[in-house]
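J.: take this sequence and fold it.
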Amino acid sequence: MGQQQLLLLVLGIVIVGLAVVSGIEAFEDNDRRNALDNMAASAHRVVTDMIAWRAKPGALGGGQEASASAPFNNVQLSALGYNVQEQPTGLGTQRGEWADLGGGMWARLGSQASSRPSVTVRNTRQPTIVVEVFLWGPDPNCMVARYGEVSGRTWTYTIPSSALTQPTGCDGW
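T.: So this is what the prediction gives:
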């Protein structure tokens, strides 16, 4: 085999190797984005269930009698129809009531004693990603989401402050 043929063979192997590596990276990136989208949709589903619970009369198991300053003070994920666990496997040491959303996704309610309740969603298949949805009022435009990455015990949010500012036109409950 000539020197030119060996050079072409090595060049071909390098090109194929680079194509495989870039394909794997593209797949992993797409998988991460897909997981993020699914987590955001699941968080919005839980928030929508919370709004439906809030609109339902107390006699029917709803929270219509809750105060405007703490509209979700008594809501529990089990009351919304979710199967709950105290500490699911794969989510680290975060204790509390977690709802099984299916597909390895779990939701937990944030501070419900405020006028800005929140839902946190984690995924055991993508354990470094977190999605939070904050609810400023019953209108769909009053739901604000942010997402972040977990590194050790520290959260780094991609959208750090937008979810903490009340959207225009969201005057509460």
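J.: ranges for the helices of this protein?
T.: 3-55 (DSSP state H).
J.: which stretches of it aren't confidently modelled?
T.: 1, 66-69, 91-95, 111-115, 151-163, 173 (pLDDT under 70).
J.: ok, now which ones touch the residue positioned nearest the centre of the chain?
T.: In the chain, the residue lying closest to the centroid (C-alpha atoms, centre = their mean) is Val131, at 2.8 Å. Residues in contact with Val131, defined by C-beta atoms under 8 Å, 6 or more residues apart in numbering, are Leu36, Met39, Ala40, Ser42, Ala43, Thr120, Val121, Ala145, Arg146, Tyr147. Bear in mind the C-beta positions are built from the backbone N, C-alpha and C, glycine included.
J.: is the nearest residue to the last one once chain neighbours are set aside bridged to anything, and to what?
T.: Setting aside the residues directly before and after it, Tyr147 is nearest to Val131 in space (C-beta to C-beta, 6 or more residues apart in numbering), at 4.8 Å. Beta bridges link Val131 to Val121, Tyr147, judged by DSSP bridges.
J.: report the contact partners of Val14.
T.: Val14 sits next to no residue when contact means C-beta under 8 Å, 6+ apart.
J.: for Gln4, see how far away it is.
T.: Per C-beta to C-beta, to the nearest Å, Val14 is found 16 Å from Gln4.
J.: cool, Gly96 as well?
T.: Distance of Gly96 to Gln4, computed by C-beta to C-beta: 66 Å.
J.: next, count neighbours for Leu60.
T.: Neighbours of Leu60 under the rule other C-beta atoms under 10 Å: 8.
J.: ok, the one 5 residues further on next?
T.: Using other C-beta under 10 Å, the number of residues around Glu65 comes to 9.
J.: surely it touches Lys56?
T.: No: using C-beta atoms under 8 Å, Glu65 makes no contact with Lys56, being 10.3 Å away.
J.: farthest-apart pair in the contacts of Val131, please.
T.: Spanning the widest gap among those are Ser42 and Arg146, at 14.9 Å by C-beta to C-beta.
J.: out of the two, which sits in the more crowded spot?
T.: Set Ser42 next to Arg146 and count neighbours by other C-beta under 10 Å: Ser42 wins out with 22 against 19.
J.: what is the burial count for the residue nearest to the more buried one when sequence neighbours are not counted?
T.: Spatial nearest neighbour of Ser42, excluding adjacent residues (C-beta to C-beta, 6+ apart): Leu101 at 4.7 Å. By other C-beta under 10 Å, 22 other residues sit near Leu101.
J.: Leu101 is in contact with Val119, isn't it?
T.: No: using C-beta under 8 Å, Leu101 is not in contact with Val119; the gap is 10.3 Å.
J.: quick check: neighbours shared by those two?
T.: Val46, Ala107.
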